[in-house]
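Asker: give me coordinates for this.
(one chain, ligands or ions: 4)
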Amino acid sequence: MTVTVEREKLVLIGNGMAGVGTIEQILKLGGAYDITVFGSEPHPNYNRIMLSYVLEGSKTIEDIILNDRQWYADHHITLHTGTTVIRIDEASRQIITDNGLSVAYDKAIIATGSNSFILPVPGSDKEGVVGFRDIADCDAMLAAAKQYRTAAVIGGGLLGLEAAKGLVNLGMDVTVVHLLKDLMERQLDHTASSMLQAELARQGVKFAMGKQTVELTGDERVNGLRFSDGSELAADFVVMAVGIKPNTQLARESGITVNRGIVVDDYLQTSMPDVYSVGECTEHRGTCYGLVAPLFEQGMVLAKHLCNVPTQPYEGSVVATKLKISGVDVFSAGEFTETSEHTVISAKDEWKRTYKKILLNNNIIVGAVLFGDVTESASLQKLVKQGAEMTEEIYSEVMGTGCCGGGAKKSLSVETMADEEIVCGCNGVTKKAIVDAVTENGFTTVDEIKACTGATRSCGGCKPVVEQILQFVLGDSFQQSAKQGICSCTTLSRDEIVAEITSKGLKTTKEVMNVLDWKQAEGCSKCRPAVNYYLGMIYPDTHEDEKESRFVNERMSANIQKDGTFTVVPRMYGGVTTPEDLKRIADVSLKYDVKVVKVTGGQRLDLIGIRKEDVPKVWEELDMPSGYAYAKSLRTVKTCVGSQFCRFGTQDSMGMGALLERKYERLDFPAKFKMAVNGCPRNCAESCTKDIGIVGNDGGWEIFIGGNGGIKPRIADAFCKVKTDEELIEVCSAVMQYYRETGNYLERTSEWVERMGLEQIQQVILENDEQRKELAARIDFALAQVSDPWKKMLDDQETRTALFEQAKV
Ligand SMILES: Cc1cc2nc3c(=O)[nH]c(=O)nc-3n(C[C@H](O)[C@H](O)[C@H](O)COP(=O)(O)OP(=O)(O)OC[C@H]3O[C@@H](n4cnc5c(N)ncnc54)[C@H](O)[C@@H]3O)c2cc1C
Ligand SMILES: NC(=O)c1ccc[n+]([C@@H]2O[C@H](COP(=O)([O-])OP(=O)(O)OC[C@H]3O[C@@H](n4cnc5c(N)ncnc54)[C@H](O)[C@@H]3O)[C@@H](O)[C@H]2O)c1
Ligand code: SF4
Ligand code: FES
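Answerer: Ligands and ions are numbered 1, 2, ... in the order given. Sure thing, here's the model as predicted:
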């Protein structure tokens with residue numbers, strides 16, 4: 001005898017993150033339902049959050065699909081995409097759709113989300129005006145960026161700023177039009193807002209602040225905006241990001257109680273029996289949420305309720321936000337505007353461009369704002385959510401004042417987290433689920449945890465905590481399973497980083513670290529200068545050098561000595577000077593009490609022992625180019641006397657040395673770079689220990705590469721012989737650029753030649769004329785962008801004062 005058990009019919013209306021998240025929970029709990037899902041969009045469930053990354057170019061639509069059609073089939077779920085439900089008929093218990101379907105339900109969930117709020121101003125229905133809500137909007141933005149130049153994004157909230165940065169990345173000229181004086185005024189205080197605006201401006205976003213749009217101008221297509229103060233802004237594409245409106249039409253038309261959203265009780269029950277609501281369309285205790293974490297919390301309660309699993313009621317959520325713009329770290333949780341009731345803890349670092357503020361009410365942590373460094377975001381979010389009391393221990397942890405870290409860390413560490421504590425707010429994943437994935441399934445990487453539990457698959461904000469849990473459970477084997485990267489902040493190699501920067505169009509170190517999932521948001525002293533170098537090498541014309549990422553000598557364009565004084569080394573091209581220059585050096589040395597004037601191994605003069613505050617004045621009065629003695633770039637070109645005076649000389653080594661030094665000075669290399677030019681094979685200027693050594697020979701030149709006289713001496717390899725000065729310069733250019741493009745940061749040519757192999761370098765440069773010329777052209781382009789740092793510094797009173805008259809280094 002066959003017994004068929006009639007399963008209850010559950011219908012989900014709205015195929016978005018909140019609704020499908022609830023279904024996933026029901027499946028996990030073993031809920032016995034026949035499930036049908038209706039969605040207006042033609043796609044299966046996708047990660048709406050990630051649309052910002054699709055626009056930014058770091059993800060594709062395929063990457064953001066959360067549940068493909070096979071998933072629905074595998075779970076026996078009937079899916080109707082491109083189908084809008086128009087009514088729930090309570091009397092007949094039928095769900096009615098716009099294409100004439102009528103499906104019976106025992107239980108129904110409304111998860112219809114929100115719609116973009118479109119400003120009701122004349123012209124808002126013109127062609128070229130979109131919201132930013134779904135894949136269709138995202139496609140429209142990607143298409144517009146190919147065809148049009150100028151865009152306006154109305155609204156300086158989370159969505160508007162993410163849209164604006166995405167459009168800038170697509171090459172558009174973008175202005176954010178914001179109603180108020182502060183961006184993200186719903187999440188940030190004035191200080192964080194202004195730091196955010198400055199950072200985004202640095203990244204190419206323009207702003208029109210305090211502007212109320214009263215009309216969108218143009219004929220059929222929009223061509224601009226008119227503001228209430230009479231001013232106008234040209235724009236051939238407009239994105240409205242001024243907030244969202246809960247999508248309540250279906251509920252309203254079905255007779256369900258609706259306020260701003262669909263009103264529910266603490267078990268997500270609407271006013272209609274057996275009809276529930278989760279997600280952005282829902283209003284719970286007067287609040288409609290617009291972030292995923294609360295929606296998943298609602299979904300968890302509803303899933304348990306529908307599966308008859310005992311559950312606490314849903315009592316509302318504490319929200320935290322993180323702006324998803326590569327290289328712009330902003331976090332906000334709970335309260336952020338101080339009143340007389342708050343105790344405020346804050347720290348602002350203008351040099352590092354970071355800001356941290358924590359608000360206490362009766363010593364309870366009620367809110368936090370972070371800018372620039374969001375390392376503590378997960379801890380602070382947890383503390384705000386728990387309503388934790390501030391203690392010395394927590395203070396030293398979150399404000400980074402603990403002397404030895406260990407003790408303070410414990411209070412917030414994953415060790416002390418309860419099993420049921422949610423680690424990934426976006427996907428409702430608990431600590432226990434992650435620990436089980438490691439201990440029961442043997443998973444060891446974040447990617448495996450993501451595939452198994454869903455943690456980290458949405459905003460990614462929980463990744464550091466997931467990693468901490470992996471580390472906690474796996475101990476040393478976590479480290480072992482991790483691939484070695486350029487430093488402990490990443491598992492990516494130099495080549496992988498350079499490839500990612502190029503393919504994803506990443507522009508700043510922060511952006512690189514953010515998009516490439518650095519373990520430490522701020523990086524470390526190893527990777528920051530390296531990434532800054534790679535960015536400058538890849539984008540010689542547009543990369544804005546990040547001084548803060550450089551080592552101290554490079555930051556200050558001066559060499560600090562062990563007694564705190566500085567040295568000044570002016571250029572002497574090819575080791576040649578003049579009586580006039582020598583006289584000026586002598587005068588300045590006397591005036592500023594220079595302790596020692598040293599003739600260096602690179603044939604120039606080193607003025608040692610200059611007081612910090614005198615350094616700019618010394619440069620000003622010397623009026624000579626900087627010798628870059630502090631930089632990873634061309635230091636000196638040592639020369640012998642050569643054919644101008646030496647009776648053995650066959651080539652003008654002094655002339656060629658000076659020419660080469662002038663040509664290649666100031667450009668960044670992976671490491672310092674030294675050259676020598678000799679007039680004949682007697683080699684008085686010691687070419688064999690230089691990165692490039694040149695020897696006059698047989699009426700032409702012989703070139704040697706990869707020599708080093710330092711800690712690990714290496715005799716340079718004979719590279720090739722050339723006949724003319726032009727050929728010499730072309731080969732030198734190509735070698736240098738090839739080294740710049742393939743060298744690891746801090747790798748001298750002696751190591752580079754060993755690693756790459758001499759033959760490989762010869763093959764690239766000598767056997768392929770076109771390739772050699774292209775390399776030479778690329779270094780010429782890069783050289784055209786450089787300028788003397790001291791010339792700039794002397795004209796920039798603010799930097800000069802900050803670096804030499806006030807700042808600690
Ligand atoms: C670009 C962007 C970036 C974001 N970034 C973040 C972030 O970083 N962090 C964060 O927490 N949140 C973020 N959000 C917000 C987050 O995506 C939403 O809170 C979440 O997706 C809402 O889920 P939902 O299921 O309630 O609604 P939705 O995702 O809107 O899903 C509702 C679905 O129901 C469908 N539907 C509507 N009416 C009907 C009907 N009558 N019949 C059938 N189907 C219907 C809709 O077409 C839609 O597909 C972002 C939003 C956007 C647009
Ligand atoms: N990273 C994230 O967490 C993230 C990213 C994108 C979107 N979202 C969510 O998506 C939803 C929509 O985002 P949003 O930024 O549109 O909503 P929002 O309500 O957070 O911000 C809208 C902004 O537009 C401004 N504004 C309102 N009227 C305006 C006008 N006439 N002219 C100029 N500015 C005006 C407001 O002052 C406000 O700052 C929100 O729920 C948000 O939380 C979150
Ligand atoms: S290398 Fe030759 S040309 Fe140069 S100084 Fe020595 S002997 Fe003279
Ligand atoms: S908290 Fe957003 S993905 Fe985990």
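
Asker: burial measure for the residue in the stretch 701-809 of the chain positioned nearest to ligand 1, as a count.
Answerer: Going by Cβ to the nearest ligand atom, ligand 1 is nearest to Y745 of the stretch 701-809 of the chain, at 32.6 Å. Just so you know, the C-beta spots here come from the backbone N, C-alpha and C atoms, and that holds for glycine as well. Look at Y745: counted by other Cβ atoms under 10 Å, it has 21 neighbours.

Asker: let me know the pLDDT of it.
Answerer: The model reports Y745 with a pLDDT of 93.

Asker: isn't it right next to Y534, touching?
Answerer: Yes: contact criterion Cβ atoms under 8 Å: Y745 and Y534 qualify, at 7.1 Å.

Asker: hey, what's in contact with both of the two?
Answerer: Taking Cβ atoms under 8 Å, 6 or more residues apart in numbering as the contact rule, Y745 and Y534 both touch R494.

Asker: can you give me the neighbour number for E751?
Answerer: E751 has 18 nearby residues by other Cβ under 10 Å.

Asker: which parts of stretch 223-230 are buried?
Answerer: For stretch 223-230, burial by neighbour count (16 or more other Cβ atoms under 10 Å) applies to 223-227.

Asker: which of these fall in strands?
Answerer: 223-227 (DSSP state E).

Asker: can I get those in CSV including distance to ligand 1 and pLDDT?
Answerer: As requested, those are exported to CSV (distance: Cβ to the nearest ligand atom, whole Å; pLDDT from 0 to 100):
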residue, distance to ligand 1, pLDDT
N223, 25, 97
G224, 25, 97
L225, 22, 98
R226, 27, 98
F227, 25, 97
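
Asker: and the residues you listed, which is closest to ligand 4?
Answerer: Comparing those against ligand 4 with Cβ to the nearest ligand atom places L225 closest, at 34.0 Å.

Asker: quick one: contacts for I65?
Answerer: I65 makes contact with 43-47, according to Cβ under 8 Å, 6+ apart.

Asker: who does it form a beta bridge with?
Answerer: Y46 (DSSP bridges).

Asker: distance of it relative to P44?
Answerer: In this view, I65 and P44 are 6 Å apart by Cβ to Cβ, to the nearest Å.

Asker: ok, now A368?
Answerer: Counting by Cβ to Cβ - A368 and P44 are separated by 37 Å.

Asker: swap in E415?
Answerer: For E415 relative to P44 (Cβ to Cβ), the value is 39 Å.

Asker: how many residues are close by the closest residue in space to V319 that isn't next to it in sequence?
Answerer: Using Cβ to Cβ, 6 or more residues apart in numbering and skipping residues adjacent in sequence, the residue nearest V319 is L291, 5.5 Å away. Number of residues near L291 (other Cβ under 10 Å) recorded here: 18.

Asker: mind pulling up the pLDDT for L291?
Answerer: pLDDT, L291: 92.

Asker: give me the phi and psi angles of it.
Answerer: phi -130, psi 160 (degrees, to the nearest 10).

Asker: for ligand 2, what's its nearest residue on the stretch 651-800 of the chain.
Answerer: Nearest to ligand 2 in the stretch 651-800 of the chain, going by Cβ to the nearest ligand atom, is E798, at a distance of 31.4 Å.

Asker: now do the SS call for that residue.
Answerer: helix (DSSP: H, G, I helix; E, B strand; the rest coil).

Asker: what's near enough to touch the residue of the stretch 701-809 of the chain closest to ligand 1?
Answerer: Counting by Cβ under 8 Å, 6+ apart, Y745 has contacts 486, 494, 529-530, 533-534, 670-671.

Asker: so which one among these has the lowest pLDDT?
Answerer: I486 (87).

Asker: give me the number of residues near T81?
Answerer: 16.

Asker: the one 10 residues further on now?
Answerer: Other residues lying near A91 total 5 when counted by other Cβ under 10 Å.

Asker: and it, what pLDDT?
Answerer: At A91, the pLDDT value in this model is 96.

Asker: same check on K409?
Answerer: Value listed for K409 in the pLDDT field: 40.

Asker: next: D476.
Answerer: 69.

Asker: returning to what we had before: nearest spatial neighbour of the residue of the stretch 701-809 of the chain closest to ligand 1, skipping sequence neighbours?
Answerer: In space, and not counting its chain neighbours, Y745 is closest to A530: 3.6 Å by Cβ to Cβ, 6+ apart.

Asker: just E500 next, same as before
Answerer: Of all residues not flanking E500 in the chain, L516 sits nearest, at 5.7 Å (Cβ to Cβ, 6+ apart).

Asker: correct me, but the residue nearest to V319 touches T321?
Answerer: Yes: here L291 reaches T321: they are 6.5 Å apart, a contact under Cβ under 8 Å.

Asker: checking the residue nearest the centre of the chain next. Helix, strand or coil?
Answerer: By Cα atoms, centre = their mean, the mean C-alpha position of the chain lies nearest to E511, the distance being 2.1 Å. Three-state call for E511 (three-state DSSP): helix.

Asker: report the separation between I365 and V588.
Answerer: To V588, I365 is 56 Å away according to Cβ to Cβ.

Asker: need the contacts of I65 in a markdown table with neighbour count, can you?
Answerer: Below are the contacts of I65 laid out as a markdown table (neighbours: other Cβ atoms under 10 Å):
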| residue | neighbour count |
| --- | --- |
| H43 | 17 |
| P44 | 19 |
| N45 | 25 |
| Y46 | 24 |
| N47 | 22 |
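
Asker: can you list those residues in TSV and add distance to ligand 1?
Answerer: Output for the contacts of I65, formatted as TSV (distance: Cβ to the nearest ligand atom, whole Å):
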residue	distance to ligand 1
H43	8
P44	10
N45	8
Y46	9
N47	8
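
Asker: which residues sit against stretch 171-178?
Answerer: Residues outside stretch 171-178 that contact it (Cβ under 8 Å, 6+ apart) are 144-145, 148-156, 160-161, 164, 167-168, 183, 200, 204-211, 213, 225, 227, 233, 235, 237.

Asker: again, only this time at 7 Å
Answerer: Residues outside stretch 171-178 that contact it (Cβ atoms under 7 Å, 6 or more residues apart in numbering) are 145, 149-156, 160-161, 164, 167-168, 205-209, 211, 213, 225, 233.

Asker: and the next element down the chain from the helix or strand bottoming out on mean pLDDT in the chain?
Answerer: Across the helices and strands of the chain, mean confidence by mean pLDDT, DSSP states H and E is lowest for helix 406-410: a mean of 37. Under the assignment DSSP states H and E, the closest C-terminal helix or strand after helix 406-410 is strand 422-424.

Asker: how far out from the middle of the chain is that following strand?
Answerer: Computed by Cα atoms, centre = their mean, to the nearest Å, the chain-centroid distance of strand 422-424 equals 23 Å.

Asker: is it positioned near ligand 4?
Answerer: Yes: against ligand 4, strand 422-424 shows contacts by Cβ under 6 Å from any ligand atom at C424.

Asker: keeping just the C-alphas, turn the one helix or strand D34 maps to into PDB.
Answerer: Counting by DSSP H and E, the element that carries D34 is strand 33-38. Taking Å, rounded to 0.1, in the frame of the first residue of the first chain, the C-alpha atoms of strand 33-38 are listed here in PDB:
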ATOM      1  CA  TYR A  33       6.400  22.200   2.000                       C
ATOM      2  CA  ASP A  34       5.600  22.200  -1.700                       C
ATOM      3  CA  ILE A  35       7.200  25.500  -2.600                       C
ATOM      4  CA  THR A  36       6.400  27.800  -5.500                       C
ATOM      5  CA  VAL A  37       8.300  31.100  -6.100                       C
ATOM      6  CA  PHE A  38       7.200  34.000  -8.200                       C
END
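
Asker: count the residues that sit near T339.
Answerer: Neighbour count for T339, taken as other Cβ under 10 Å: 9.

Asker: got the contact list for it?
Answerer: Per Cβ under 7 Å, 6+ apart, neighbours of T339: none.

Asker: where in the stretch 301-450 of the chain is pLDDT low?
Answerer: 326, 400-413 (pLDDT under 70).

Asker: show me the strands in it, by range?
Answerer: 320-322, 330-334, 342-349, 354-361, 364-371, 422-424, 429-430 (DSSP state E, counting those that start in this stretch).
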